[in-house]
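In: Output the structure for:
(one chain, ligands or ions: 2)
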Amino acid sequence: MTRFGRFDDEAREYVITRPDTPLPWINYLGSEGFFGIISNTAGGYTFFRDARLRRLTRYRYNAAPADTGGRFLYLRDAATGAFWSPSWQPVRAGLEDYRCRHGLGYTMIGSRTAGIETETLYFVPLGESLEIWRTTVTNRRADTARLSLFGAVEFCLWDAWDDQTNYQRNLSTGEVQVLDGVVYHTTEYRERRSHFAYFACSEEVSGFDTQREEFLGPYRGWDGPLAVEEGRSRNSIAHGWAPIASHQVELELAPNESREVVFLLGYAENPPDAKFDPPGSTTLDRRAVLPVIERYRQAEEVASAFERLRDRWAELLDVVQVTTPNEHVDRMVNAWTPYQCMATFNLSRSASSFDTGIGRGIGFRDSSQDLLGFVHMVPERARERILDLAATQLPTGGAYHQYQPLTKRGNDAIGSGFNDDPLWLVLAASAYVKETGDRAILDEPVPYDNEWGSEDPLYEHLRRALGYTLDRLGPHGLPLIGRADWNDCLNLNAFSEEPGESFQTVPNREGGVAESVFIAGQFAMAAEELAQLSDLLGKPEEAASARAERERMVAAVREHGWDGAWFRRAYDHMGGVVGSADNDEGQIWIEPQGICVMAGIGSDDGRAARALDSVADRLGTPHGLVLLDPPYSRYHLELGEISSYPPGYKENGGVFSHTNPWIAVADTMIGNPDRAFGHYLRINPSAREELSDVHRCEPYVYAQMIAGKAAPTHGEAKNSWLTGSAAWNLVAITQWILGIRPEHDGLRIDPCLPSGWDGFRAVRRFRGATYRIAITKPVGSTGRIMSMTVGDRRVDGNVVPPAPEGADVTIDGTIA
Ligand code: BGC
Ligand code: NOJ
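Out: Numbering: from 1, shown residues only. Ligands and ions are numbered 1, 2, ... in the order given. Have a look, this model is predicted:
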């Protein structure tokens, strides 16, 4: 078993101890507008708000070796002429020691070469549009070391897609300005752009370069720049070709002497009518940015900005802290899963090692579910996100599948018609109200399709979401699926025979009657959530009508959605059943089992338990539950993208991490704690750390997929970081297994603990008060809490009404 590092739980860091991880193991810098992806060898890229349209640094996609680009640092020893990268890449030579600490919002990479120690801290200060690299170089030799330190970046010409494709123009447009030792990247600034990037250094520089070829030398790459090899910058000025910024700093270090050098990579905007100084010239107006550069050239400012960042993360994570008998639970709940949830909040599915940042906008379905994992940490921002999403809903109640972060407008290219989309908004809004108690959000006026004048209260948007489903029922009384439901690859109206065509956006068959049992379950869940909101608003008739619709839907599922031992998946365009023992392949699918049981379907007639037994039986593997079984071995025209994947990969029978926690939640609902916890633990990234050479992705975050049992690489993860798996796994463990669940009338404490546990402790902040929870339980029992002591009062049941703001409440619960 090979590991590549270890968790430092105290510091909330993952410490990577060798640079050659199976894949680049990344982290994110930034949490507001300015973001970077950083790998364990300082690769990755940086952007402002939109990973495609405001890309600061260039990235080489699908490169070999992977992830060569990014934050270039080189040290050159004047005595020998030897040079190396203290982050290993791109030179990949000479490191005697190496460690990368990925922390919350920062990364530190340290190494030692021939007696020279280097440690670089990378982070984005709160409230700033810049990235800091603080490099500390220490001489551990017996005599003085004379070194040159080079820091460099390669600029992207803003639109990352255009930058990769439109060479005929882009090789001529690149421009820079070098003023007082700072390199400014000003491509297109003379014309329609009023934003620019800069690369500055805290030290007096002995030279610089801004033209890539001058710095690298002809026919050379970033692994051996000529300027570094010779220790001599060219002071080049880029005119077209590939603008870069590189600074050279000379260091003379006595034995045991350290020096700190700060590099700043920043982004700034000027008012469109005040871009130049003096006006009328073509010289960049730097007045707004100079004080910022000055500030972070100072070591104390950097140190205090870093402290503030650490405090901010501690504050966010303080909302839920647990101490349980299982270290994998503790470290995922207390740090890494909420941290991953914040990445999905910030970036949706745009920029990771698997999402290129040039593709998708903010997904309606994705962000609505992601919200379940961050609403407790950033409720105000969750509120804004709900309203933004609702504003891309259409008057039909349907929704754009995605919207663009820069404009917040629905994305026409992908359009609408994913019939599960609007129902997720109901779950998001109800989760928000349960967490915060802020009912006023339901009255908030929100337009449809961002059309001014079309405003309706958010509550009406939610009602229309349900109406959208009810307006689209098929022959079995089940919801029509449209382009797809949660499973983007079940495209029952697509019938695509053209290679390369998008399964999701190809024109649908006319008169499609394909139906989804998944959406039926989702509707049953959303209808109950909406009914509770109607009750809160004092609208009992509307609550009753939502519940009546729910009953009708549940009846349709009973009648046409049950296969005998599990819930069916769908009916196709021809009325054929999908996900049935009658099918040759794809007989049982995970999604309807999870959603139907979570919606309470089958709890009264034994079907829920039966379905979950079938899941464990048919879908269980040592690496988690596969999405379906048996996977499709040949292409099924009528099913869409699903069978285009080889068996065992992605939706075609991969372990889809997003759906595993649904089953864990469902198992707690039918009182099956050991199985629920098993499902949770099997895909817990920390619990898989031992298998790093099989799993291959980062052991501190979830990956969307782990190759399923039919795949030759069973157990191998892909698509880490930006996945709904983070939010749902956090919900499953904190709200259902540990059972600390916000509800409208208070905090429910309903743990469903593995038999081997003797209890746990937790601190939960909820609506301004702090709850200190201690649960005790005899080992071996799988019981539930019947009564608790809250402060010094005994309460029946397990709901604690909200305490006044600032209160500190102790809760003791005993499980018999
Ligand atoms: C992927 C899905 C993804 C979808 C996005 C498909 O190719 O397999 O996982 O959700 O694209 O449109
Ligand atoms: C990833 C997509 O982002 C998500 O929206 C979808 O539900 C899953 N893939 C399953 O297809």
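
In: Now do the contacts for the residue of the chain found nearest ligand 1.
Out: When distances are taken as Cβ to the nearest ligand atom, the chain reaches nearest to ligand 1 at D488, 3.5 Å away. Every residue, glycine included, has its C-beta placed from N, CA and C. The contact partners of D488, taken as Cβ atoms under 8 Å, 6 or more residues apart in numbering, are F418, Q504, E641, E651.

In: part of a helix, is it?
Out: No. Using DSSP: H, G, I helix; E, B strand; the rest coil, the assignment for D488 is coil, not a helix.

In: Quick check: pLDDT value at it.
Out: On pLDDT, D488 comes in at 97.

In: ok, and the closest non-adjacent residue to the closest residue to ligand 2 within the stretch 201-350 of the chain?
Out: Nearest to ligand 2, among the residues of the stretch 201-350 of the chain, is R349, at 5.1 Å (Cβ to the nearest ligand atom). Of all residues not flanking R349 in the chain, L722 sits nearest, at 4.8 Å (Cβ to Cβ, 6 or more residues apart in numbering).

In: Repeat that for P592.
Out: Counting by Cβ to Cβ, 6+ apart, P592 lies nearest to F567, which is 3.9 Å off, once chain neighbours are set aside.

In: give me phi/psi at the residue of the chain closest to ligand 1?
Out: phi -60, psi -20 (degrees, to the nearest 10).

In: What is the burial count for V137?
Out: 22 (other Cβ atoms under 10 Å).

In: Enumerate every residue touching it.
Out: L75, I116, E117, T118, L147, L149, L251, L253, S258, R259, V261 are the contacts of V137 under Cβ under 8 Å, 6+ apart.

In: what about 6 Å?
Out: T118, R259 (Cβ atoms under 6 Å, 6 or more residues apart in numbering).

In: bridging residues for it?
Out: Bridge pairing for V137 (DSSP bridges) gives the partners T118, R259.

In: Please report the distance of it from ligand 2.
Out: V137 is 43 Å from ligand 2, where distance means Cβ to the nearest ligand atom, to the nearest Å.

In: if we can go back for a sec, the residue nearest to R349 falls within a helix, correct?
Out: No. Per three-state DSSP, L722 lies outside any helix segment and is coil.

In: Can you list phi and psi of it for me?
Out: Torsion angles, degrees, to the nearest 10, at L722: phi -90, psi 80.

In: Quickly note the distance from it to ligand 2.
Out: Counting by Cβ to the nearest ligand atom, the gap from L722 to ligand 2 is 8 Å.

In: quick one, what contacts that residue?
Out: T344, R349, S352, D355.

In: Quick check: closest non-adjacent residue to P751.
Out: Going by Cβ to Cβ, 6+ apart, P751 has G739 as its nearest residue, at 3.7 Å.

In: number of nearby residues for that neighbour?
Out: G739, neighbours per other Cβ under 10 Å, totals 24.

In: Test my guess that it contacts D750.
Out: Yes. G739 lies in contact with D750 (Cβ atoms under 6 Å); the separation is 4.0 Å.

In: Write out the residues of the stretch 651-800 of the chain neighbouring ligand 2.
Out: The stretch 651-800 of the chain comes close to ligand 2 at residues E651, as judged by Cβ under 6 Å from any ligand atom.

In: what about whichever residue of the stretch 651-800 of the chain sits closest to ligand 2, distance to M705?
Out: In the stretch 651-800 of the chain, the residue that lies nearest ligand 2 is E651 (5.4 Å; Cβ to the nearest ligand atom). Per Cβ to Cβ, to the nearest Å, E651 is found 9 Å from M705.

In: the more surrounded of the two?
Out: With neighbours defined as other Cβ under 10 Å, E651 and M705 compare such that M705 has more, 28 against 24.

In: how many other residues sit next to the residue nearest to the more buried one when sequence neighbours are not counted?
Out: Of all residues not flanking M705 in the chain, G654 sits nearest, at 4.4 Å (Cβ to Cβ, 6+ apart). The burial count assigned to G654 is 31, neighbours taken as other Cβ under 10 Å.

In: same thing with G69?
Out: Using other Cβ under 10 Å, G69 has 22 neighbouring residues.

In: and it, what element?
Out: Using DSSP states H and E, G69 sits in no helix or strand.

In: try H461
Out: Going by DSSP H and E, H461 is in helix 458-470.

In: Can you tell me the SS state at the nearest residue to A565 once chain neighbours are set aside?
Out: Among residues not flanking A565 along the chain, S614 sits closest, at 4.9 Å (Cβ to Cβ, 6+ apart). Classification of S614 by three-state DSSP places it in helix.

In: Give me the distance between S614 and ligand 2.
Out: On the measure of Cβ to the nearest ligand atom, S614 and ligand 2 end up 21 Å apart.

In: quick one: that residue and G620, what's the gap?
Out: 10 Å.

In: Identify each buried residue in stretch 290-304, please.
Out: V292, I293, R295, Y296, V302 (16 or more other Cβ atoms under 10 Å).

In: OK, contacts around the second one?
Out: Taking Cβ under 6 Å, 6+ apart, we find I293 in contact with A200.

In: That one is in what secondary structure piece?
Out: Per DSSP H and E: helix 290-296 holds I293.

In: Check the offset of that helix from the chain's centre.
Out: Put simply, helix 290-296 sits 31 Å off its chain's centre (Cα atoms, centre = their mean, to the nearest Å).

In: re earlier: mind checking which of the contacts of L722 are in helices?
Out: Among these, the residues falling in helices (DSSP state H) are T344.

In: Closest one of the contacts of L722 to P802?
Out: T344 (27.9 Å; Cβ to Cβ).

In: And the pLDDT for that closest one?
Out: With respect to pLDDT, T344 scores 97.

In: can you pull the pLDDT of the nearest residue to L253 once chain neighbours are set aside?
Out: Spatial nearest neighbour of L253, chain neighbours left out: N139 (3.7 Å); criterion: Cβ to Cβ, 6+ apart. pLDDT for N139: 98.

In: What's the separation between N139 and ligand 2?
Out: To ligand 2, N139 is 49 Å away according to Cβ to the nearest ligand atom.

In: measure that residue to E260 for me?
Out: N139 is 13 Å from E260, by Cβ to Cβ.
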